[in-house]
Structure formats: structure tokens, C-alpha cells
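Novice: just coords:
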């Protein structure tokens, strides 16, 4: 099976702009989670989607949002970009996101905000 | 917050076993221990997980103490490609993964 794919892999934006990142989960996986990784804060959970509904949310401002489509693909959006949003954004998928299912990560999208 | 304590860094000679310790003294009965690793700037890679029994797969072995307050990840024959940050995660049911700072393992030729 193909793994989790994320597009684009690299992105440069300027402050105030918005950005949309895309994630395609492993075939058959219906749960998609997003994480942000920065040198200062490490890997932090953003949110999780299952069946087109947000099921869990981390401690991030409302500028960070996401959605999931009927084919389980997911997008996340960051509006009014700040310099501190520069990070590696990681997507992970699992079958249903329940119990102790393993999450598999994609390669990430590296966002640089200038 | 992460519920685990890991050494900041470790070295291992190529070809030798790498033993990575993790303390999780406040683990609850239904919480699993997960190990992931992250090779520089790539997405984390799942290694193994367990509840209370020792587990082994093609990548590694996981040894969990009887009281479940600590565990050890064993890479039996470390190679240079095993150089990475290794994360030990205690995960309650139906919750996201919470990553700590992990252990930076350097495999030396």
C-alpha cells in the first residue's frame, strides 16, 4: 500500500497570507491527524478528523483549521500567517483512530513564513 | 505533557545492540507504550508498541518491566541508518500521540 502523502513538501509564504496543506491517508484509513513540529515546542497535536468531522482538537488558535473530505483526504488551513507558524506540518492516518490503532505519518510539509 | 522520561542522547557502535530506556512511572493500566523514531526532518516512523508483554517485530524488541514503570527498546544490530531521535510515548485509549523530546541516538561506525 502507498503510505501517507502530503503536498506540497515545501512552501514559502509571507506574514499575513494564508496557506492550505493537503494530506492523503493510507488507503482504507479514515482517521487523519495533524501535528506541528517546531524546534522550540517539538511535535504538537493540532486536530483529528474522522468521517468528515473534527473529533479532537489541540491547543492552537482558531487561525488553524482543517477539514476532511468523503474520500478521507484532509486539508489544513492556516490564516493570517505569523513568523512563528514556520514549522514542519505532519499528517498521520489510522484506520478509525480508535483504541490503540497505530498512526502512520507522512513526510510532512515544511512551511517557512517570511 | 509527555508522561515519559528518556535520556537526551546516546551513542551506539555500528553492529552492536542499541538499548534505549524509557521511564513511565505514572502509567495507567490501559495505557500502551509506543515507540516512534524520526530521522532528520522526515515524518516519525512507527517502530513498535506494547501493553505489558514483551513484543518483537522485524525492526526491534520492546521489553516492559513487570510493574510497567519502565521499558527498553532494543535495536539488535544497529546500523548507521538507525541514527535518529527515538520517542517513547505512553498513550491512553482514544487519544492523540503526545511526543516528548525523545532520545537522540547516534550510531557510530
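Specialist: Right, received. Where do you want to start? From a predicted model like this one, the values you see are computed outputs, not experimental measurements.
Novice: now the most centrally placed residue in chain A, what's its secondary structure?
Specialist: Per C-alpha atoms, centre = their mean, the C-alpha nearest to the average position across chain A is that of residue A:34, at 3.2 Å. Under DSSP: H, G, I helix; E, B strand; the rest coil, the three-state class of residue A:34 is strand.
Novice: same question, the one 3 residues further on
Specialist: Under the three-state scheme (three-state DSSP), the conformation of residue A:37 reads as strand.
Novice: quick one: residues contacting the residue nearest to the centre of chain A.
Specialist: A:23, A:45-48, A:66, A:74, A:76, A:89-92 (C-beta atoms under 8 Å, 6 or more residues apart in numbering or on different chains). All C-beta atoms are positioned from the backbone trio N, CA, C, and that covers glycine.
Novice: cool, residue B:9 as well?
Specialist: Here residue B:9 is in contact with B:103-106 (C-beta under 8 Å, 6+ apart).
Novice: how about the residue nearest to the centre of chain A, nearest residue that isn't a chain neighbour?
Specialist: residue A:46 (4.1 Å; C-beta to C-beta, 6 or more residues apart in numbering or on different chains).
Novice: residue B:87 reaches residue B:45, doesn't it?
Specialist: No: Residue B:87 lies out of contact with residue B:45 (C-beta atoms under 8 Å); the separation is 10.1 Å.
Novice: anything in contact with each of these two?
Specialist: B:36-38.
Novice: can you redo these as CSV with neighbour count?
Specialist: Formatted as CSV, the shared contacts of residue B:87 and residue B:45 follow (neighbours: other C-beta atoms under 10 Å in any protein chain shown):
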residue, neighbour count
B:36, 25
B:37, 23
B:38, 22
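Novice: pLDDT below threshold where in chain B?
Specialist: B:1-2 (pLDDT under 70).
Novice: again, 90 this time
Specialist: Residues of chain B that meet the criterion pLDDT under 90 lie in B:1-3, B:28-30, B:40-41, B:53, B:91-96.
Novice: who in it is up against chain A?
Specialist: Proximity of chain B to chain A (C-beta under 8 Å from any C-beta of the partner chain) is limited to residues B:32, B:34, B:36, B:41-46, B:49, B:87, B:91, B:93-101.
Novice: in PyMOL, how would I select the buried members of these?
Specialist: Selection command for PyMOL covering only the buried members of the residues of chain B next to chain A, criterion 16 or more other C-beta atoms under 10 Å in any protein chain shown:
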select buried, chain B and resi 32+34+36+43+44+46+49+87+91+96+97+98+99+100
